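> Quick one: sequence and predicted model below, then my questions.
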Amino acid sequence: MSKLTDAIKAYNKDTKSMVTPRAVAVFPWLSRAKTKVGDKVVDPNYCTDIRLDPNVEAHAAFIEKVERIVDEAKALIPKKAIAEKGWRSPLKDELDKDSEEPTGFVLFSAKTHALDKEGNKKQLTIVDASKKNKVTVPVFGGSEVKLIVKANLYSGGIGSGISIYLNAVQVLSLVTSGGADTSLFDEEEGFFSEAAFANESDDAPRPQDVADGDDSDY
């Protein structure tokens, strides 16, 4: 086993989970696994980007934290390997869809495998703001979420970089197929829909059934 392999294993073993700040989900595949990127078939995974605003204190602090993690991890990889195969960061500038110019926001990407080592389906843990109820209705782009994530360093034939494992999602403001943002409401006493936050149901409508595209912001 090489020194680099040992260093990567040690780094990943010592890496701790962290919680993102509250942010808007972009291109979320959380209710159902993503299996394609365009026409290309990929290993089933749950994934989402979140949109970070450098002008928001909590977002700026998180961006700085991730940048430190990236810099520390990058220092472990030989410069030659990075020069030959490249380096991938979980942070990237968001680009306008039409002009392709930076919007001023930063996207943070996270994902996790949808199958276990035996090939069985895994369900991503998604809870509501109370943390007590599972969310099984589709989570569309525009929903506000927090993520529990863990950084993972890798290096090989595909290049080197930091991938972010998505461990759990907390939905704080839900946008569903109706497209309405509920963030303006206050939490009130009264009716509570167990159907919306019940145990996992395969019969629930999914956003991917409506728009099965890689670049559709639900």
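Yep, that arrived.
> wait, Ala110 sits on Val149?
Yes - contact criterion CB atoms under 8 Å: Ala110 and Val149 qualify, at 4.9 Å. Placement of C-beta: from N, CA and C, glycine included.
> Which residues are in contact with each of these two?
Ile164, Tyr165, Leu166 (CB atoms under 8 Å, 6 or more residues apart in numbering).
> for the chain, what spans make up the strands?
Using DSSP state E, the strands of the chain run over residues 18-19, 23-37, 40-52, 87-88, 91-95, 102-113, 125-127, 144-156, 159-173.
> Going by contacts, tell me the helices and strands next to the first one.
The reference is to strand 18-19. strand 144-156 (3 or more CB pairs under 8 Å, 6 or more residues apart in numbering; DSSP states H and E).
> partners of the strand it packs on in the sheet?
According to DSSP bridges, strand 144-156 forms sheet pairs with strand 18-19 (antiparallel), strand 23-37 (antiparallel), strand 159-173 (antiparallel).
> quick one: Lys85 and Ile162, what's the gap?
From Lys85 across to Ile162, the span is 14 Å (CB to CB, to the nearest Å).
> before we move on, what about Glu64?
15 Å.
> who has more neighbours, the two?
Ile162 (21 against 11; other CB atoms under 10 Å).
> so where's the protein shaky on pLDDT?
Scanning the chain for pLDDT under 70 picks out the ranges 1, 177-218.
> ok, 50 please
Counting by pLDDT under 50, the chain contains low-confidence residues at 190-193, 195, 198-218.
> about what we covered before: looking at the shared contacts of Ala110 and Val149, state which has the most neighbours.
Of all the shared contacts of Ala110 and Val149, the highest neighbour tally under other CB under 10 Å goes to Ile164, namely 23 neighbours.
> Spatially, what comes nearest to it if we skip its sequence neighbours?
Once flanking residues are discounted, Ile164 sits nearest to Ala110: 4.1 Å by CB to CB, 6 or more residues apart in numbering.
> For Trp87, see how far away the one you found is.
18 Å.
> for the chain, what's the longest helix?
helix 57-74 (DSSP state H).
> what angle separates it from strand 91-95?
130 degrees (axes from the mean of the first three to the mean of the last three CA atoms, to 10 degrees).
> which residue packs closest to Val144, ignoring adjacent ones?
Small correction: residue 144 is Glu, not Val. Closest residue to Glu144 apart from its sequence neighbours, by CB to CB, 6+ apart: Ser173 at 3.8 Å.
> same thing with Pro102?
Using CB to CB, 6+ apart and skipping the chain neighbours, the partner closest in space to Pro102 is Asp93 (4.6 Å).
> Just send the strands of the chain back as JSON lines, with distance to Lys9 too.
Formatted as JSON lines, those follow (distance: least, CB to CB, whole Å):
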{"stretch": "strand 18-19", "distance to Lys9": "20"}
{"stretch": "strand 23-37", "distance to Lys9": "27"}
{"stretch": "strand 40-52", "distance to Lys9": "22"}
{"stretch": "strand 87-88", "distance to Lys9": "19"}
{"stretch": "strand 91-95", "distance to Lys9": "24"}
{"stretch": "strand 102-113", "distance to Lys9": "19"}
{"stretch": "strand 125-127", "distance to Lys9": "26"}
{"stretch": "strand 144-156", "distance to Lys9": "9"}
{"stretch": "strand 159-173", "distance to Lys9": "14"}
